[in-house]
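Engineer: mind looking at a prediction? Sequence and model below.
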Amino acid sequence: MGLFPPTGLEYVATSAKDLVDRLTMLDLRYERSLCNIDNLLDFIKKENVDIICISISWDRQFQKICDMLNHFPDNIPLVVGGYKATEMIEELFKTCPKINIIARGEGEETIKEIMKGVPPENILGISYRKDGKVIHNEARPLPDVNTLSNPDRSLRRNKYTMRLNGVKTMSMTFDYVLGARGCPYTCKFCTFNLNPLGQKRNYAPRTIESIIREIEGITADGILFADDNFFVNAKRAEKICDLIIERKIKKRFIAQTRIEISKHPELLKKMVKAGFKILLMGIESPNDRILLQLNKGFTSDDVRKSFERLRKFPMYYHGYFIYGNITETEEEMMNIPKLAKEIGVDSIACSKLRIDKYSPLNDLAKGTPGYHVTDRGEVYSDAYSHPALKRIGKRMKFTFYTPARLIKISWKLIAIRLLTLRDIGSFIIASPLLLRNVIAREIEKGRLAESLKRIFISNK
Ligand code: B12
Ligand code: SF4
(Lines give C-alpha, C1' and ligand atoms only; values in the text may rest on other atoms or scores of the structure.)
(Ligands and ions follow the chains in the order given, each with its own letter.)
Protein backbone atom coordinates (compact mmCIF):
# COMPACT_ATOMS: atom_id res chain seq x y z
CA MET A 1 0.00 0.00 0.00
CA GLY A 2 3.05 2.27 0.20
CA LEU A 3 1.84 3.62 3.52
CA PHE A 4 5.09 4.11 5.39
CA PRO A 5 8.46 5.59 4.51
CA PRO A 6 11.39 3.13 4.43
CA THR A 7 12.57 3.33 8.05
CA GLY A 8 15.97 1.62 7.86
CA LEU A 9 17.01 3.37 4.67
CA GLU A 10 16.06 6.75 6.10
CA TYR A 11 18.13 6.22 9.25
CA VAL A 12 21.14 5.21 7.16
CA ALA A 13 20.71 8.07 4.66
CA THR A 14 20.45 10.57 7.53
CA SER A 15 23.63 9.22 9.01
CA ALA A 16 25.50 9.45 5.67
CA LYS A 17 24.24 12.80 4.41
CA ASP A 18 26.86 15.09 6.02
CA LEU A 19 29.69 13.01 4.59
CA VAL A 20 28.73 13.39 0.93
CA ASP A 21 28.21 16.34 -1.42
CA ARG A 22 24.79 15.22 -2.52
CA LEU A 23 22.46 12.45 -1.46
CA THR A 24 19.35 11.30 -3.35
CA MET A 25 16.99 8.96 -1.58
CA LEU A 26 14.67 6.91 -3.80
CA ASP A 27 11.74 4.80 -2.70
CA LEU A 28 11.04 2.69 -5.77
CA ARG A 29 7.47 2.00 -4.62
CA TYR A 30 6.80 5.66 -5.39
CA GLU A 31 9.21 6.21 -8.30
CA ARG A 32 7.28 4.04 -10.74
CA SER A 33 9.18 5.11 -13.85
CA LEU A 34 12.52 4.30 -12.18
CA CYS A 35 11.40 0.71 -11.64
CA ASN A 36 12.21 0.33 -15.32
CA ILE A 37 15.89 -0.59 -15.27
CA ASP A 38 16.75 1.49 -18.36
CA ASN A 39 15.22 4.59 -16.76
CA LEU A 40 17.03 3.88 -13.50
CA LEU A 41 20.37 3.49 -15.28
CA ASP A 42 19.74 6.78 -17.11
CA PHE A 43 18.99 8.44 -13.78
CA ILE A 44 22.19 7.08 -12.21
CA LYS A 45 24.19 8.41 -15.17
CA LYS A 46 22.55 11.84 -15.24
CA GLU A 47 22.94 12.32 -11.50
CA ASN A 48 26.65 11.42 -11.65
CA VAL A 49 26.22 8.87 -8.89
CA ASP A 50 29.47 7.77 -7.18
CA ILE A 51 28.09 5.12 -4.87
CA ILE A 52 24.78 3.23 -4.75
CA CYS A 53 23.33 2.02 -1.45
CA ILE A 54 20.35 -0.33 -1.43
CA SER A 55 18.11 -1.43 1.41
CA ILE A 56 16.46 -4.87 1.29
CA SER A 57 14.09 -5.37 4.21
CA TRP A 58 11.53 -7.91 3.13
CA ASP A 59 11.20 -11.17 1.20
CA ARG A 60 8.87 -9.51 -1.21
CA GLN A 61 10.24 -9.26 -4.75
CA PHE A 62 13.62 -10.53 -3.58
CA GLN A 63 14.40 -12.17 -6.92
CA LYS A 64 13.34 -9.07 -8.81
CA ILE A 65 15.67 -6.97 -6.66
CA CYS A 66 18.59 -9.35 -7.36
CA ASP A 67 17.87 -9.14 -11.10
CA MET A 68 17.89 -5.36 -10.88
CA LEU A 69 21.20 -5.25 -8.98
CA ASN A 70 22.77 -7.37 -11.72
CA HIS A 71 22.09 -4.62 -14.25
CA PHE A 72 23.89 -1.90 -12.29
CA PRO A 73 27.04 -0.31 -13.73
CA ASP A 74 30.30 -2.14 -12.99
CA ASN A 75 32.21 1.03 -12.17
CA ILE A 76 30.00 2.26 -9.30
CA PRO A 77 30.47 0.66 -5.86
CA LEU A 78 27.33 -1.13 -4.65
CA VAL A 79 26.56 -1.38 -0.94
CA VAL A 80 23.57 -3.35 0.31
CA GLY A 81 22.03 -3.49 3.79
CA GLY A 82 18.79 -4.27 5.57
CA TYR A 83 17.10 -7.05 7.50
CA LYS A 84 16.70 -9.39 4.54
CA ALA A 85 20.15 -8.63 3.15
CA THR A 86 21.69 -9.54 6.51
CA GLU A 87 19.81 -12.82 6.51
CA MET A 88 20.75 -13.68 2.92
CA ILE A 89 24.42 -12.58 2.79
CA GLU A 90 25.86 -15.69 1.13
CA GLU A 91 23.02 -15.94 -1.40
CA LEU A 92 23.29 -12.25 -2.31
CA PHE A 93 27.03 -12.41 -2.90
CA LYS A 94 26.50 -15.54 -5.00
CA THR A 95 23.60 -14.28 -7.13
CA CYS A 96 24.63 -10.61 -7.40
CA PRO A 97 28.26 -10.39 -8.51
CA LYS A 98 28.08 -6.59 -8.56
CA ILE A 99 27.63 -6.21 -4.79
CA ASN A 100 30.84 -4.99 -3.16
CA ILE A 101 29.76 -4.71 0.46
CA ILE A 102 26.87 -5.95 2.59
CA ALA A 103 26.37 -4.02 5.83
CA ARG A 104 25.07 -6.43 8.47
CA GLY A 105 22.52 -5.39 11.07
CA GLU A 106 22.19 -1.75 12.07
CA GLY A 107 23.98 0.46 9.57
CA GLU A 108 24.19 4.03 10.93
CA GLU A 109 27.83 3.79 12.07
CA THR A 110 28.93 1.42 9.30
CA ILE A 111 27.74 3.69 6.49
CA LYS A 112 29.74 6.60 7.92
CA GLU A 113 32.98 4.62 7.70
CA ILE A 114 32.16 3.45 4.17
CA MET A 115 31.55 7.05 3.08
CA LYS A 116 34.75 8.23 4.76
CA GLY A 117 36.65 5.70 2.65
CA VAL A 118 37.91 3.54 5.53
CA PRO A 119 39.44 0.38 3.97
CA PRO A 120 36.93 -2.52 4.12
CA GLU A 121 39.19 -4.69 6.26
CA ASN A 122 38.90 -2.06 9.01
CA ILE A 123 35.12 -1.65 8.96
CA LEU A 124 33.29 -3.66 11.59
CA GLY A 125 29.92 -5.19 10.72
CA ILE A 126 30.45 -5.65 6.99
CA SER A 127 30.98 -8.58 4.64
CA TYR A 128 32.89 -7.80 1.43
CA ARG A 129 34.60 -9.37 -1.54
CA LYS A 130 38.36 -9.78 -1.70
CA ASP A 131 40.25 -11.82 -4.29
CA GLY A 132 37.13 -13.70 -5.29
CA LYS A 133 36.26 -14.60 -1.68
CA VAL A 134 33.71 -13.19 0.73
CA ILE A 135 35.21 -11.91 3.96
CA HIS A 136 33.01 -11.44 7.04
CA ASN A 137 34.42 -8.83 9.42
CA GLU A 138 33.57 -8.96 13.08
CA ALA A 139 30.24 -7.62 14.25
CA ARG A 140 30.04 -3.97 15.26
CA PRO A 141 29.12 -3.11 18.86
CA LEU A 142 25.69 -1.48 18.78
CA PRO A 143 25.50 2.22 19.67
CA ASP A 144 23.18 3.56 22.37
CA VAL A 145 19.75 4.12 20.72
CA ASN A 146 19.63 7.58 22.23
CA THR A 147 22.71 8.68 20.27
CA LEU A 148 21.15 7.94 16.88
CA SER A 149 19.82 10.91 14.88
CA ASN A 150 16.14 10.91 14.00
CA PRO A 151 15.45 10.39 10.29
CA ASP A 152 15.83 13.55 8.22
CA ARG A 153 12.38 13.83 6.66
CA SER A 154 13.52 16.55 4.25
CA LEU A 155 15.31 13.85 2.21
CA ARG A 156 11.95 12.43 1.07
CA ARG A 157 10.82 13.04 -2.49
CA ASN A 158 7.18 12.19 -1.83
CA LYS A 159 4.40 12.28 0.71
CA TYR A 160 3.32 8.92 2.06
CA THR A 161 -0.33 8.09 1.67
CA MET A 162 -2.47 5.03 0.91
CA ARG A 163 -2.15 3.59 -2.57
CA LEU A 164 -4.23 0.64 -3.66
CA ASN A 165 -3.45 -0.89 -7.02
CA GLY A 166 -1.46 2.20 -7.93
CA VAL A 167 -4.31 4.62 -7.07
CA LYS A 168 -3.92 7.26 -4.35
CA THR A 169 -7.03 6.59 -2.31
CA MET A 170 -6.79 8.95 0.66
CA SER A 171 -5.80 12.41 1.67
CA MET A 172 -4.45 11.11 5.00
CA THR A 173 -0.64 11.09 5.13
CA PHE A 174 1.58 8.67 7.08
CA ASP A 175 4.90 8.67 8.89
CA TYR A 176 6.56 6.50 11.55
CA VAL A 177 8.44 6.87 14.81
CA LEU A 178 10.81 4.21 16.07
CA GLY A 179 10.51 4.42 19.85
CA ALA A 180 12.60 1.37 20.65
CA ARG A 181 14.68 -1.28 18.94
CA GLY A 182 14.70 -5.01 19.63
CA CYS A 183 12.21 -7.28 21.38
CA PRO A 184 12.47 -9.32 24.59
CA TYR A 185 10.40 -12.27 23.29
CA THR A 186 11.71 -15.40 21.54
CA CYS A 187 9.10 -16.51 18.99
CA LYS A 188 10.76 -19.23 16.92
CA PHE A 189 9.87 -17.90 13.46
CA CYS A 190 11.38 -14.49 14.25
CA THR A 191 15.04 -15.27 14.17
CA PHE A 192 17.25 -12.38 13.22
CA ASN A 193 18.77 -12.40 16.71
CA LEU A 194 20.03 -15.94 16.13
CA ASN A 195 22.01 -14.99 13.04
CA PRO A 196 25.66 -15.13 14.20
CA LEU A 197 26.44 -12.25 11.81
CA GLY A 198 23.20 -10.36 12.23
CA GLN A 199 23.22 -8.68 15.62
CA LYS A 200 19.68 -7.84 16.51
CA ARG A 201 19.39 -5.84 19.69
CA ASN A 202 17.89 -6.85 22.94
CA TYR A 203 15.04 -4.53 23.78
CA ALA A 204 16.39 -0.93 23.86
CA PRO A 205 13.90 1.92 24.36
CA ARG A 206 14.55 5.57 23.53
CA THR A 207 13.86 8.28 26.10
CA ILE A 208 10.20 9.30 26.22
CA GLU A 209 11.03 12.99 25.84
CA SER A 210 12.97 12.38 22.59
CA ILE A 211 10.04 10.38 21.19
CA ILE A 212 7.56 13.14 21.99
CA ARG A 213 9.86 15.77 20.47
CA GLU A 214 10.10 13.74 17.27
CA ILE A 215 6.31 13.35 17.11
CA GLU A 216 5.86 17.09 17.60
CA GLY A 217 7.98 17.72 14.49
CA ILE A 218 5.95 15.41 12.24
CA THR A 219 3.46 16.91 9.81
CA ALA A 220 1.75 13.68 8.66
CA ASP A 221 -1.73 12.83 10.00
CA GLY A 222 -1.03 9.22 10.93
CA ILE A 223 2.01 7.86 12.77
CA LEU A 224 3.08 4.22 13.04
CA PHE A 225 5.14 3.24 16.05
CA ALA A 226 7.49 0.97 14.11
CA ASP A 227 8.81 -0.69 17.32
CA ASP A 228 8.63 -4.49 17.23
CA ASN A 229 6.33 -4.22 20.22
CA PHE A 230 5.37 -0.77 21.47
CA PHE A 231 3.98 -2.03 24.78
CA VAL A 232 6.84 -4.05 26.24
CA ASN A 233 6.62 -1.82 29.29
CA ALA A 234 3.07 -0.71 30.08
CA LYS A 235 4.15 2.07 32.46
CA ARG A 236 6.40 3.58 29.80
CA ALA A 237 3.63 3.36 27.20
CA GLU A 238 1.25 5.07 29.63
CA LYS A 239 3.72 7.93 30.11
CA ILE A 240 3.97 8.39 26.34
CA CYS A 241 0.16 8.57 26.14
CA ASP A 242 0.05 11.02 29.08
CA LEU A 243 2.46 13.37 27.31
CA ILE A 244 0.61 13.14 23.99
CA ILE A 245 -2.62 14.09 25.79
CA GLU A 246 -0.97 16.80 27.93
CA ARG A 247 0.70 18.48 24.94
CA LYS A 248 -2.49 18.26 22.89
CA ILE A 249 -0.80 16.41 20.03
CA LYS A 250 -3.51 15.60 17.50
CA LYS A 251 -2.35 12.61 15.50
CA ARG A 252 -3.80 9.23 14.63
CA PHE A 253 -1.48 6.50 15.92
CA ILE A 254 -0.92 2.92 14.80
CA ALA A 255 1.16 0.49 16.87
CA GLN A 256 2.45 -3.07 16.75
CA THR A 257 1.81 -4.99 19.93
CA ARG A 258 1.18 -8.38 21.53
CA ILE A 259 -2.16 -9.48 22.97
CA GLU A 260 -0.85 -9.08 26.55
CA ILE A 261 -1.67 -5.39 26.26
CA SER A 262 -5.30 -6.36 26.98
CA LYS A 263 -4.32 -6.85 30.63
CA HIS A 264 -3.80 -3.09 31.01
CA PRO A 265 -7.21 -1.37 30.83
CA GLU A 266 -5.86 1.93 32.20
CA LEU A 267 -3.29 2.05 29.43
CA LEU A 268 -5.88 1.14 26.78
CA LYS A 269 -8.15 3.94 28.00
CA LYS A 270 -5.31 6.45 27.73
CA MET A 271 -4.37 5.14 24.29
CA VAL A 272 -7.84 5.79 22.97
CA LYS A 273 -7.72 9.29 24.44
CA ALA A 274 -4.24 9.92 22.97
CA GLY A 275 -5.44 9.02 19.46
CA PHE A 276 -4.38 5.39 19.02
CA LYS A 277 -6.57 3.99 16.24
CA ILE A 278 -5.05 0.75 14.96
CA LEU A 279 -3.28 -2.09 16.76
CA LEU A 280 -1.34 -4.61 14.66
CA MET A 281 -1.12 -7.87 16.59
CA GLY A 282 0.75 -11.13 16.01
CA ILE A 283 -1.79 -13.83 16.86
CA GLU A 284 -0.08 -16.34 14.55
CA SER A 285 -2.28 -19.42 15.04
CA PRO A 286 -5.66 -20.55 16.35
CA ASN A 287 -4.17 -23.96 17.20
CA ASP A 288 -2.57 -24.44 20.60
CA ARG A 289 -0.08 -27.05 19.49
CA ILE A 290 1.15 -24.69 16.76
CA LEU A 291 1.38 -21.74 19.16
CA LEU A 292 3.54 -23.97 21.35
CA GLN A 293 5.63 -25.05 18.36
CA LEU A 294 6.26 -21.38 17.52
CA ASN A 295 7.00 -20.53 21.16
CA LYS A 296 4.52 -17.67 20.99
CA GLY A 297 3.99 -17.65 24.73
CA PHE A 298 0.17 -17.73 24.78
CA THR A 299 -2.70 -20.09 23.99
CA SER A 300 -5.79 -19.69 21.80
CA ASP A 301 -7.82 -19.28 24.97
CA ASP A 302 -5.58 -16.36 26.00
CA VAL A 303 -6.33 -14.87 22.56
CA ARG A 304 -10.09 -15.24 23.13
CA LYS A 305 -9.94 -13.69 26.60
CA SER A 306 -7.70 -10.85 25.39
CA PHE A 307 -10.09 -9.91 22.61
CA GLU A 308 -13.06 -10.00 24.98
CA ARG A 309 -11.29 -7.21 26.85
CA LEU A 310 -9.90 -5.42 23.80
CA ARG A 311 -13.26 -5.18 22.04
CA LYS A 312 -14.43 -2.74 24.72
CA PHE A 313 -11.92 -0.19 23.44
CA PRO A 314 -12.80 1.56 20.19
CA MET A 315 -9.73 0.74 18.13
CA TYR A 316 -9.21 -1.22 14.91
CA TYR A 317 -7.54 -4.60 15.44
CA HIS A 318 -5.47 -6.21 12.68
CA GLY A 319 -4.26 -9.78 13.26
CA TYR A 320 -1.19 -11.42 11.72
CA PHE A 321 -1.43 -15.20 11.24
CA ILE A 322 0.96 -17.88 9.99
CA TYR A 323 -0.23 -21.00 8.19
CA GLY A 324 1.43 -24.05 6.61
CA ASN A 325 3.15 -24.81 9.93
CA ILE A 326 4.91 -28.15 10.44
CA THR A 327 2.32 -30.96 10.62
CA GLU A 328 -0.58 -28.47 10.39
CA THR A 329 -3.58 -29.87 8.50
CA GLU A 330 -5.85 -27.94 6.11
CA GLU A 331 -8.65 -28.18 8.64
CA GLU A 332 -6.43 -26.58 11.28
CA MET A 333 -5.33 -23.84 8.88
CA MET A 334 -8.96 -23.08 8.13
CA ASN A 335 -9.43 -22.41 11.85
CA ILE A 336 -7.72 -19.05 11.19
CA PRO A 337 -10.71 -17.26 9.63
CA LYS A 338 -12.96 -19.05 12.15
CA LEU A 339 -11.03 -17.76 15.17
CA ALA A 340 -10.59 -14.33 13.56
CA LYS A 341 -14.36 -13.99 13.20
CA GLU A 342 -14.99 -15.34 16.69
CA ILE A 343 -12.65 -12.90 18.46
CA GLY A 344 -13.82 -9.93 16.41
CA VAL A 345 -10.51 -8.93 14.85
CA ASP A 346 -11.27 -6.40 12.09
CA SER A 347 -8.83 -7.60 9.44
CA ILE A 348 -6.22 -10.32 9.03
CA ALA A 349 -3.03 -11.00 7.08
CA CYS A 350 -2.10 -14.65 6.62
CA SER A 351 1.50 -15.51 5.73
CA LYS A 352 2.87 -18.93 4.83
CA LEU A 353 5.43 -20.19 7.36
CA ARG A 354 8.99 -19.36 6.38
CA ILE A 355 11.93 -20.95 8.11
CA ASP A 356 14.99 -18.74 8.05
CA LYS A 357 18.49 -20.12 7.98
CA TYR A 358 19.06 -19.80 11.72
CA SER A 359 15.60 -20.78 12.92
CA PRO A 360 15.27 -23.58 15.48
CA LEU A 361 12.29 -24.69 13.37
CA ASN A 362 14.81 -26.05 10.81
CA ASP A 363 15.52 -29.02 13.08
CA LEU A 364 11.83 -29.70 13.44
CA ALA A 365 11.30 -29.55 9.65
CA LYS A 366 14.29 -31.84 9.01
CA GLY A 367 13.07 -34.33 11.60
CA THR A 368 9.51 -34.44 10.26
CA PRO A 369 9.16 -36.85 7.32
CA GLY A 370 7.76 -35.27 4.15
CA TYR A 371 8.71 -31.65 5.01
CA HIS A 372 11.01 -29.52 2.87
CA VAL A 373 12.56 -26.06 3.27
CA THR A 374 13.87 -24.27 0.17
CA ASP A 375 17.05 -22.14 0.14
CA ARG A 376 14.80 -19.12 0.40
CA GLY A 377 13.11 -20.44 3.54
CA GLU A 378 9.83 -21.48 1.93
CA VAL A 379 8.27 -24.48 3.62
CA TYR A 380 6.18 -27.14 1.89
CA SER A 381 5.42 -30.79 2.42
CA ASP A 382 4.47 -33.88 0.46
CA ALA A 383 0.92 -33.32 1.65
CA TYR A 384 0.87 -29.54 1.08
CA SER A 385 2.77 -28.34 -1.97
CA HIS A 386 3.24 -24.60 -2.74
CA PRO A 387 0.14 -24.50 -4.99
CA ALA A 388 -1.89 -26.36 -2.34
CA LEU A 389 -0.87 -23.83 0.32
CA LYS A 390 -1.64 -20.98 -2.04
CA ARG A 391 -5.11 -22.42 -2.61
CA ILE A 392 -5.67 -22.72 1.14
CA GLY A 393 -4.42 -19.14 1.60
CA LYS A 394 -7.02 -17.94 -0.90
CA ARG A 395 -9.73 -19.99 0.81
CA MET A 396 -8.88 -18.37 4.13
CA LYS A 397 -8.84 -14.91 2.61
CA PHE A 398 -12.17 -15.25 0.88
CA THR A 399 -13.78 -16.92 3.91
CA PHE A 400 -12.86 -13.91 6.01
CA TYR A 401 -13.13 -11.06 3.51
CA THR A 402 -16.75 -11.25 2.41
CA PRO A 403 -18.52 -8.16 0.95
CA ALA A 404 -20.17 -7.72 4.38
CA ARG A 405 -16.72 -7.65 6.00
CA LEU A 406 -15.52 -4.92 3.65
CA ILE A 407 -18.53 -2.80 4.61
CA LYS A 408 -17.87 -3.52 8.29
CA ILE A 409 -14.22 -2.49 7.93
CA SER A 410 -15.17 0.78 6.23
CA TRP A 411 -17.72 1.50 8.93
CA LYS A 412 -15.24 0.75 11.73
CA LEU A 413 -12.62 3.06 10.23
CA ILE A 414 -15.20 5.84 10.20
CA ALA A 415 -16.59 5.01 13.67
CA ILE A 416 -13.16 5.15 15.36
CA ARG A 417 -12.46 8.36 13.44
CA LEU A 418 -9.40 7.03 11.70
CA LEU A 419 -10.90 8.44 8.54
CA THR A 420 -12.11 12.01 8.35
CA LEU A 421 -14.79 13.28 5.96
CA ARG A 422 -11.97 14.47 3.70
CA ASP A 423 -10.46 10.98 3.55
CA ILE A 424 -13.84 9.45 2.78
CA GLY A 425 -14.40 12.04 0.03
CA SER A 426 -11.01 11.23 -1.54
CA PHE A 427 -11.80 7.53 -1.34
CA ILE A 428 -15.15 7.96 -3.07
CA ILE A 429 -13.55 10.02 -5.84
CA ALA A 430 -10.80 7.40 -6.30
CA SER A 431 -13.22 4.41 -6.23
CA PRO A 432 -14.08 4.15 -9.96
CA LEU A 433 -10.41 4.19 -10.93
CA LEU A 434 -9.58 1.75 -8.15
CA LEU A 435 -12.34 -0.62 -9.25
CA ARG A 436 -11.16 -0.39 -12.85
CA ASN A 437 -7.58 -1.22 -11.82
CA VAL A 438 -8.66 -4.14 -9.64
CA ILE A 439 -10.75 -5.59 -12.49
CA ALA A 440 -7.88 -5.05 -14.95
CA ARG A 441 -5.50 -6.83 -12.54
CA GLU A 442 -7.84 -9.79 -12.11
CA ILE A 443 -8.29 -10.04 -15.90
CA GLU A 444 -4.53 -9.83 -16.43
CA LYS A 445 -4.01 -12.64 -13.93
CA GLY A 446 -6.80 -14.63 -15.62
CA ARG A 447 -8.82 -15.03 -12.44
CA LEU A 448 -11.68 -12.54 -12.64
CA ALA A 449 -14.42 -15.18 -12.88
CA GLU A 450 -12.87 -17.23 -10.07
CA SER A 451 -12.57 -14.19 -7.77
CA LEU A 452 -16.16 -13.11 -8.42
CA LYS A 453 -17.37 -16.66 -7.75
CA ARG A 454 -15.36 -16.86 -4.51
CA ILE A 455 -16.66 -13.51 -3.29
CA PHE A 456 -20.31 -13.82 -4.23
CA ILE A 457 -21.14 -17.52 -4.71
CA SER A 458 -19.00 -20.22 -3.11
CA ASN A 459 -15.49 -20.40 -1.70
CA LYS A 460 -14.49 -24.05 -2.22
C1 B12 B 1 7.70 -1.71 11.34
C2 B12 B 1 7.60 -3.01 10.57
C3 B12 B 1 6.63 -3.09 9.58
C4 B12 B 1 5.76 -1.93 9.13
C5 B12 B 1 6.40 -1.21 7.93
C6 B12 B 1 7.20 -0.02 8.32
C7 B12 B 1 7.87 0.64 7.14
N8 B12 B 1 8.55 1.65 7.42
O9 B12 B 1 7.72 0.26 6.01
C10 B12 B 1 4.48 -2.66 8.68
C11 B12 B 1 3.60 -2.88 9.87
C12 B12 B 1 3.67 -1.98 7.60
C13 B12 B 1 5.10 -3.98 8.26
C14 B12 B 1 4.55 -4.78 7.30
C15 B12 B 1 5.08 -6.02 6.97
N16 B12 B 1 6.09 -6.66 7.57
CO17 B12 B 1 7.21 -5.84 8.89
N18 B12 B 1 8.35 -5.25 10.25
C19 B12 B 1 8.45 -4.11 10.86
C20 B12 B 1 9.53 -4.20 11.96
C21 B12 B 1 8.87 -4.46 13.30
C22 B12 B 1 10.44 -3.02 12.12
C23 B12 B 1 11.12 -2.53 10.84
C24 B12 B 1 11.90 -1.34 11.20
O25 B12 B 1 11.44 -0.25 11.03
N26 B12 B 1 13.07 -1.54 11.81
C27 B12 B 1 13.91 -0.46 12.28
C28 B12 B 1 14.97 -0.11 11.27
C29 B12 B 1 15.86 1.03 11.76
O30 B12 B 1 15.75 -1.27 11.14
P31 B12 B 1 16.04 -1.90 9.71
O32 B12 B 1 14.92 -1.70 8.80
O33 B12 B 1 16.54 -3.28 9.90
O34 B12 B 1 17.25 -0.98 9.20
C35 B12 B 1 18.55 -1.02 9.78
C36 B12 B 1 19.47 -2.09 9.18
O37 B12 B 1 18.78 -3.17 8.57
C38 B12 B 1 20.37 -1.34 8.26
N39 B12 B 1 19.96 -1.06 6.89
C40 B12 B 1 18.76 -1.06 6.32
N41 B12 B 1 18.84 -0.69 5.05
C42 B12 B 1 20.12 -0.42 4.79
C43 B12 B 1 20.75 0.00 3.63
C44 B12 B 1 22.13 0.21 3.67
C45 B12 B 1 22.80 0.68 2.44
C46 B12 B 1 22.87 -0.01 4.85
C47 B12 B 1 24.32 0.23 4.89
C48 B12 B 1 22.22 -0.45 6.01
C49 B12 B 1 20.87 -0.65 5.96
O50 B12 B 1 20.50 -0.12 8.93
C51 B12 B 1 19.22 0.29 9.42
C52 B12 B 1 19.40 1.23 10.56
O53 B12 B 1 20.07 0.62 11.64
C54 B12 B 1 10.34 -5.45 11.46
C55 B12 B 1 11.07 -6.22 12.54
C56 B12 B 1 12.44 -5.61 12.74
N57 B12 B 1 12.78 -5.35 13.96
O58 B12 B 1 13.19 -5.29 11.82
C59 B12 B 1 9.24 -6.26 10.76
C60 B12 B 1 9.62 -7.19 9.62
C61 B12 B 1 10.67 -6.52 8.77
N62 B12 B 1 8.36 -7.33 8.88
C63 B12 B 1 8.18 -8.52 8.40
C64 B12 B 1 7.06 -8.91 7.61
C65 B12 B 1 6.96 -10.39 7.29
C66 B12 B 1 6.11 -7.98 7.20
C67 B12 B 1 4.89 -8.25 6.31
C68 B12 B 1 5.16 -9.14 5.11
C69 B12 B 1 3.78 -8.79 7.22
C70 B12 B 1 2.54 -9.26 6.49
N71 B12 B 1 2.35 -10.55 6.50
O72 B12 B 1 1.82 -8.47 5.95
C73 B12 B 1 4.48 -6.83 5.86
C74 B12 B 1 5.11 -6.52 4.51
C75 B12 B 1 5.49 -5.14 4.26
C76 B12 B 1 5.97 -4.93 2.84
N77 B12 B 1 6.73 -3.96 2.60
O78 B12 B 1 5.65 -5.64 1.95
C79 B12 B 1 9.31 -9.46 8.77
C80 B12 B 1 10.25 -9.73 7.59
C81 B12 B 1 10.70 -11.18 7.60
C82 B12 B 1 11.59 -11.48 6.44
N83 B12 B 1 12.50 -12.38 6.69
O84 B12 B 1 11.45 -10.98 5.36
C85 B12 B 1 9.95 -8.70 9.98
C86 B12 B 1 11.44 -8.95 10.15
C87 B12 B 1 9.15 -9.12 11.23
C88 B12 B 1 9.31 -10.59 11.57
N89 B12 B 1 10.19 -10.93 12.45
O90 B12 B 1 8.64 -11.43 11.04
N91 B12 B 1 6.27 -4.21 8.91
S1 SF4 C 1 6.92 -10.68 19.92
FE2 SF4 C 1 6.96 -10.14 17.71
S3 SF4 C 1 8.94 -9.11 17.36
FE4 SF4 C 1 9.06 -10.17 19.36
S5 SF4 C 1 10.01 -12.17 18.94
FE6 SF4 C 1 7.79 -12.46 18.84
S7 SF4 C 1 7.22 -12.10 16.66
FE8 SF4 C 1 9.30 -11.30 16.97
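Structural biologist: Yep, that arrived. Ligands and ions are numbered 1, 2, ... in the order given.

Engineer: L448 and I439, how far apart?
Structural biologist: 7 Å (CB to CB, to the nearest Å). C-beta: built from backbone N, CA, C; applies to glycine.

Engineer: no, scratch that, I was asking about E342
Structural biologist: 33 Å.

Engineer: ok, now I245?
Structural biologist: Using CB to CB, I245 is found at 45 Å from I439.

Engineer: what is the neighbour count of L267?
Structural biologist: Neighbours of L267 under the rule other CB atoms under 10 Å: 21.

Engineer: before we move on, what about N146?
Structural biologist: Considering only other CB under 10 Å, N146 is surrounded by 10 other residues.

Engineer: ditto for the one 3 residues further on
Structural biologist: A total of 11 residues lie near S149 under the criterion other CB under 10 Å.

Engineer: that one contacts T14, correct?
Structural biologist: Yes: using CB atoms under 8 Å, S149 is in contact with T14, at 5.4 Å.

Engineer: okay, and the common contacts of these two?
Structural biologist: Counting by CB atoms under 8 Å, 6 or more residues apart in numbering, the residues touching both S149 and T14 are E108.

Engineer: what does this structure put close to ligand 2?
Structural biologist: Contact residues, the chain versus ligand 2 (CB under 6 Å from any ligand atom): 183, 185-187, 190, 228-229, 258, 282.

Engineer: please repeat the previous calculation with a cut-off of 5 Å.
Structural biologist: 183, 185, 187, 190, 228 (CB under 5 Å from any ligand atom).

Engineer: from these, pick the one nearest K250.
Structural biologist: The closest of those to K250 turns out to be D228 (CB to CB; 26.4 Å).

Engineer: if I look at that closest one, how far off is A85?
Structural biologist: According to CB to CB, D228 and A85 sit 19 Å apart.

Engineer: do I123 as well
Structural biologist: 16 Å.

Engineer: quick one: which of the two has more around it?
Structural biologist: Each of I123 and A85 has its neighbours counted (other CB under 10 Å); A85 has more, 25 against 21.

Engineer: find me the pLDDT at that one, would you?
Structural biologist: A85 is assigned 92 on the pLDDT scale.

Engineer: these two touch, right, it and G107?
Structural biologist: No: with contacts counted by CB under 8 Å, A85 stays clear of G107, the gap being 9.7 Å.

Engineer: number of residues surrounding F225?
Structural biologist: 24.

Engineer: dihedrals phi and psi, it?
Structural biologist: Note on F225: backbone dihedrals following degrees, to the nearest 10 are phi -80, psi 110.

Engineer: who touches the residue lying closest to it once chain neighbours are set aside in this structure?
Structural biologist: With CB to CB, 6 or more residues apart in numbering as the criterion, F225 has its nearest non-adjacent residue at 4.2 Å, and that residue is A255. Listed by CB under 8 Å, 6+ apart, the contact partners of A255 are 224-225, 227, 230-231, 276, 278-280.

Engineer: centroid-nearest residue for the protein?
Structural biologist: Central residue of the chain (CA atoms, centre = their mean): W58, 7.1 Å from the mean position.

Engineer: tell me the phi and psi of that residue?
Structural biologist: Dihedral angles (degrees, to the nearest 10) for W58: phi -120, psi 170.

Engineer: leaving out chain neighbours, which residue sits closest to E106?
Structural biologist: Distances taken as CB to CB, 6+ apart place L142 nearest to E106, at 6.1 Å, with adjacent residues excluded.

Engineer: secondary structure class for the one you found?
Structural biologist: coil (DSSP: H, G, I helix; E, B strand; the rest coil).

Engineer: ok, how many other residues are close to it?
Structural biologist: Using other CB under 10 Å, L142 has 19 other residues around it.

Engineer: brilliant, that's me finished.
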